Structure formats: structure tokens, C-alpha cells
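Undergrad: structure for the following, please:
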Amino acid sequence: MRKLSLTVIGLYMMFLHAFSQNSKPDTIVYQSKPLKLEEVNLVSSYYKQEGQHSAVTGGIGNEHVVDLSNGLELKFVGWDPDHNKHTLSLEMGFDHHTAASSAYVSKTGASSTQGTRIYPSVNWTIENDKGNSVGFGTYYSTEYNYQSFGLDVHATRKLSSNSELNAKVSGFFDKVKMIYPSELVPGTTVTTTPTGPTYYTTASGRTVALGSSLGKSVKDAIPTSPRNTFTGSLSFAQIINTRLQASVSVDLVSQNGYLGLPFHRVYFTDGTAHVENLPSTRTKLPVGVRLNYFMGDNVVIRSYYRYYQDDWGLTSHTAEVEVPIKLSSFFSVSPFYRYYTQTAAKYFKPYAVHTASDTYYTSNYSLSALTSQFIGAGVHMAPPNGIMNQHFSALEIRYGHYTQSTDLYASSISFAFTFK
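TA: Numbers count the residues shown, from 1 in each chain. The predicted structure follows:
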């Protein structure tokens with residue numbers, strides 16, 4: 001396992017006072033202010049997974065994954081002459097993972113392979129003095145086997161002091177690299193050395209070495225295929241009384257393009273290997289309900305339920321509860337539990353069960369019938385004078401353990417730092 005040290009960023013943000021003590025109150029309220037850095041958030045997490053149903057090897061094989069991720073957010077806030085609040089968020093994410101199954105894209109399967117994902121984003125929101133807002137975001141993500149570009153537009157409308165309506169429309173435009181299992185690469189001659197990489201001789205006569213280092217392939221040897229995702233989201237939030245808050249959300253998701261992964265094998269009953277084949281369209285409909293109940297000053301019960309269905313025949317239910325308990329004015333703990341269950345997609349069958357009569361086929365266990373549980377707790381600290389100093393304002397640590405009925409299990413721990 002490759003170690004990735006947590007970068008400690010010594011960012012201590014000093015704010016200049018834009019107005020003197022002698023300014024008139026109405027001048028302070030209405031004078032415009034340029035964007036100023038208000039908050040810095042740094043998140044780092046570690047995730048480890050084990051299982052024996054890898055889609056790369058047709059629903060059997062090692063699912064060992066280790067993922068280390070870091071994210072940095074810079075939040076700028078300012079006001080314009082029309083008294084509108086502007087919030088600009090700049091984020092940069094960086095993940096590094098080691099996955100045993102990736103090595104078996106090549107039949108040699110010599111060792112686990114490593115990959116890196118980088119995903120920056122920019123989000124701008126304008127809010128007026130009535131609480132109504134509009135904004136947009138742009139996103140980019142790149143990894144060895146895909147690139148993604150996304151855009152969204154979002155808006156909030158205050159219906160009253162106790163209710164609001166939120167809407168969001170987004171589109172993501174992906175390019176998936178068509179990296180096939182070594183023995184199934186179309187239009188090539190495959191040569192595998194006993195201890196080294198696999199060499200592919202393309203139809204044009206060019207020889208490239210993939211081996212276990214997927215990210216170093218020659219670009220013209222691996223074509224890409226598009227995958228587009230469009231989402232429309234609508235949510236309504238209501239303060240019912242001083243103790244109870246509720247919200248309801250509905251999403252409509254439409255996908256088209258190449259929706260599988262070319263290096264996922266499927267074995268038929270006759271023992272032959274094939275590349276996963278799924279429909280080129282998918283429509284999803286999740287509906288969620290959230291209830292927050294305040295039990296006095298020190299305990300909150302946060303509950304969430306979601307129903308999901310799609311036109312691949314998969315339906316699911318998610319139930320989650322988190323109970324933040326305030327132990328002091330600056331210290332709280334938050335135990336949480338999530339239960340999830342789903343039916344199998346109509347195109348899923350286990351290893352060596354599909355037949356040549358199947359039009360679509362996959363042995364990816366994320367599309368199988370399963371149940372899962374995720375349990376853990378978080379600790380949040382935000383002393384009045386900061387942690388170590390006034391600029392390091394908050395720290396949150398969360399740990400969770402995940403189990404799935406397909407014999408997959410995982411653990412994760414994350415650290416979130418806030419600087420003001």
C-alpha cells in the first residue's frame with residue numbers, strides 16, 4: 001500500500017476591517033464589499049475495502065481497494081452595491097487508490113495497480129437580502145480511464161420565513177476510455193511475456209505495452225466513448241415548529257452513451273469470456289424525505305429516507321439516522337447508522353450464469369440484489385478561541401464501518417479542518 005501523507009497547510013487568514021468604528025450604521029449595511037477569503041476547509045480521508053466479487057474477473061476475485069483522498073475548499077464572500085451577497089467556492093480534490101482487481105485487466109494479473117483522480121470545481125452563488133439565490137457551478141474530473149466535465153445551475157426561492165424551494169439542473173459529459181480485458185481487445189494481436197507487461201499490436205501495426213499500468217497507454221491505441229448524465233432536482237424545506245424541520249426532494253436522472261465499463265468481464269455458461277454489455281440509456285428516479293427533530297438544546301435527531309427506482313429494474317430503499325449530542329458548548333459526538341437494500345438489475349447474473357441468448361449482461365455485484373449497513377460516529381470540536389489558535393476554528397473526525405451482504409466490507413476515517 002502506497003502511503004500518502006496528510007499535507008498540513010499553514011493557512012492563517014487575516015481579515016482587514018473594511019469599515020472604521022465611526023461609520024454610520026446604514027453605511028455599514030449597504031456599502032459594497034469586494035470578495036474576501038472567509039473560510040478554508042481541508043478534508044482528508046482513508047478508505048479500505050475487501051471483497052471477493054470483482055467485476056473485472058467476472059464476479060469472482062479480489063476486491064481489495066485502498067483509497068486516500070484530500071480536498072481543499074476556499075470560500076470567498078462579498079457584497080455588491082445592490083446589497084446582494086456573493087459566495088465563490090473554489091475546490092480541488094485529489095484521490096489516490098490501489099485496486100487489486102485493476103491488475104487483472106491484463107491476464108497476467110501480476111499485482112495491484114494504482115490510480116490517481118484529480119477533480120477541481122468552481123461554484124458561484126448570488127443571494128439577495130430576502131434569502132433568494134441563484135448560482136452556477138462547473139466541475140472537472142480526470143482519472144486513467146475517464147474524463148468528466150460538468151455544469152449546473154441552481155436557485156433557491158424563499159416562500160416564507162419558514163419554507164423554501166430549491167431547484168437544480170446539471171449535466172455531466174464524460175469520456176470513457178475503452179480499455180478492454182487483454183484477451184478481448186478488438187482488432188489486435190495480444191502478446192504476454194511471462195513476467196512483464198502485455199503487448200497489444202493494433203490493426204495499424206503499432207505495438208503498445210499496457211501491462212498493469214493502465215494510465216501509460218498510447219492514446220491512439222485506446223479510443224473513448226461518451227457518457228452523458230442530465231439531472232433535474234427539486235426540493236422543498238419547511239420549518240414545522242420550533243422542534244421539527246422537514247424536507248422532500250425529487251430527482252430525475254437521464255443517462256445515455258456507454259454506461260458499462262469495457263474491462264468488466266462476463267463469463268457465460270460455456271466458459272467463454274465477454275465484455276460487459278449494458279443498454280445505452282438509463283433513467284433514474286430517487287425520492288427523499290428528511291426530518292430533523294430538536295430534543296432540547298443538546299440533542300438533535302436527523303433522519304432520512306430515500307426510495308429509488310430505474311428502468312433497469314433496480315429498486316432500493318435507504319434509511320439513515322444520525323444523533324448529534326452536544327456535550328459542551330464546543331464539543332459534540334454524532335453516532336450514525338444507515339441501512340440500504342436493493343433488488344437486482346434485470347441484466348445481472350453471477351459468474352458463469354449468463355448465456356448467449358442474453359442481449360445484455362453484467363456480473364457487476366453493484367447491480368445485484370444486496371443489503372448493506374454503515375455504522376459509525378463523528379466528533380466535532382469548535383472552541384470559542386479556536387483549536388491551537390483563533391484561525392484554526394473547527395475539527396471534525398468521522399469513522400465508519402461498512403458491511404454488505406455480498407461479503408464486501410470496508411472501513412473509512414476522515415478528518416475535516418476549518419480555518420477562518
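Undergrad: state the pLDDT value of S23.
TA: Per-residue pLDDT puts S23 at 37.
Undergrad: low-confidence regions, this structure specifically.
TA: By pLDDT under 70, the low-scoring segments of the chain are 1-31, 108-113, 187-221.
Undergrad: for the longest strand along it, packing partners?
TA: As assigned by DSSP state E, the longest strand anywhere in the chain is strand 33-50. Packing partners of strand 33-50 (3 or more Cβ pairs under 8 Å, 6 or more residues apart in numbering; DSSP states H and E): strand 65-79, strand 408-419. (Glycine included, C-beta is placed from N, CA and C.)
Undergrad: how about that strand: buried residues?
TA: 37, 39-49 (16 or more other Cβ atoms under 10 Å).
Undergrad: cool, and stretch 177-186?
TA: By neighbour count on 16+ other Cβ under 10 Å, the buried set for stretch 177-186 is 177-182, 184-185.
Undergrad: start and end of that stretch, how far apart?
TA: 14 Å (Cα to Cα, to the nearest Å).
Undergrad: what comes into contact with stretch 398-413?
TA: By Cβ atoms under 8 Å, 6 or more residues apart in numbering, the surrounding residues in contact with stretch 398-413 are 45-53, 63, 65, 334, 336, 365, 368, 370-379, 397, 414, 416.
Undergrad: list the strands paired with the longest strand of the chain, with their directions.
TA: According to DSSP bridges, strand 33-50 has the following sheet partners: strand 65-79 (antiparallel), strand 408-419 (antiparallel).
Undergrad: what is the nearest of the buried residues of stretch 177-186 to P384?
TA: Checking the buried residues of stretch 177-186 against P384 with Cβ to Cβ, the nearest one is K177 at 50.9 Å.
Undergrad: and the nearest residue to I240 once chain neighbours are set aside, bridged to which residues?
TA: Nearest residue to I240 in three dimensions, chain neighbours excluded: A246, at 5.9 Å (Cβ to Cβ, 6 or more residues apart in numbering). When assigned by DSSP bridges, A246 has beta-bridge partners Q238, L291.
Undergrad: please tell me how far A246 sits from R302.
TA: Between A246 and R302 the computed distance is 11 Å (Cβ to Cβ, to the nearest Å).
Undergrad: now for those two: what residues contact both?
TA: Shared contacts of A246 and R302, defined by Cβ under 8 Å, 6+ apart, comprise 290-292.
Undergrad: export those as CSV, with columns for neighbour count and distance to T315.
TA: Converted to CSV, the shared contacts of A246 and R302 look like this (neighbours: other Cβ atoms under 10 Å; distance: Cβ to Cβ, whole Å):
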residue, neighbour count, distance to T315
R290, 17, 20
L291, 15, 22
N292, 18, 26
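Undergrad: ok, of those residues, which one's closest to G271?
TA: Lowest distance from G271 to the shared contacts of A246 and R302 (Cβ to Cβ) belongs to R290, with 48.7 Å.
Undergrad: thought the closest one was touching S247?
TA: Yes - using Cβ atoms under 8 Å, R290 makes contact with S247 at a distance of 4.6 Å.
Undergrad: and the closest residue to S133 other than its chain neighbours, how far from R243?
TA: Leaving out its chain neighbours, the residue that sits closest to S133 by Cβ to Cβ, 6+ apart is E127, at 3.9 Å. Separation of E127 from R243 (Cβ to Cβ): 27 Å.
Undergrad: higher neighbour count, the two?
TA: Remark: of E127 and R243, E127 carries more neighbours, 17 against 13, as counted by other Cβ atoms under 10 Å.
Undergrad: so who does the more buried one touch?
TA: Residues in contact with E127 (Cβ under 8 Å, 6+ apart) are 84-85, 87, 133, 156.
Undergrad: follow-up on the earlier one: out of the buried residues of stretch 177-186, flag the one nearest to N389.
TA: The nearest one, if we look at the buried residues of stretch 177-186 relative to N389 and count by Cβ to Cβ, is K177, at 46.1 Å.
Undergrad: can you show me the helices along the protein?
TA: Secondary structure of the chain by DSSP state H: the helices cover 25-30.
Undergrad: neighbours around the nearest residue to L72 once chain neighbours are set aside, how many?
TA: Spatial nearest neighbour of L72, excluding adjacent residues (Cβ to Cβ, 6+ apart): M92 at 5.1 Å. When neighbours are defined as other Cβ under 10 Å, M92 has 13 of them.
Undergrad: residues contacting M92?
TA: 71-72, 118-120.
Undergrad: that one and V40, how far apart?
TA: For M92, the distance to V40 - Cβ to Cβ - is 12 Å.
Undergrad: give me the common contacts of the two.
TA: Common neighbours of M92 and V40, counting by Cβ under 8 Å, 6+ apart, are L72.
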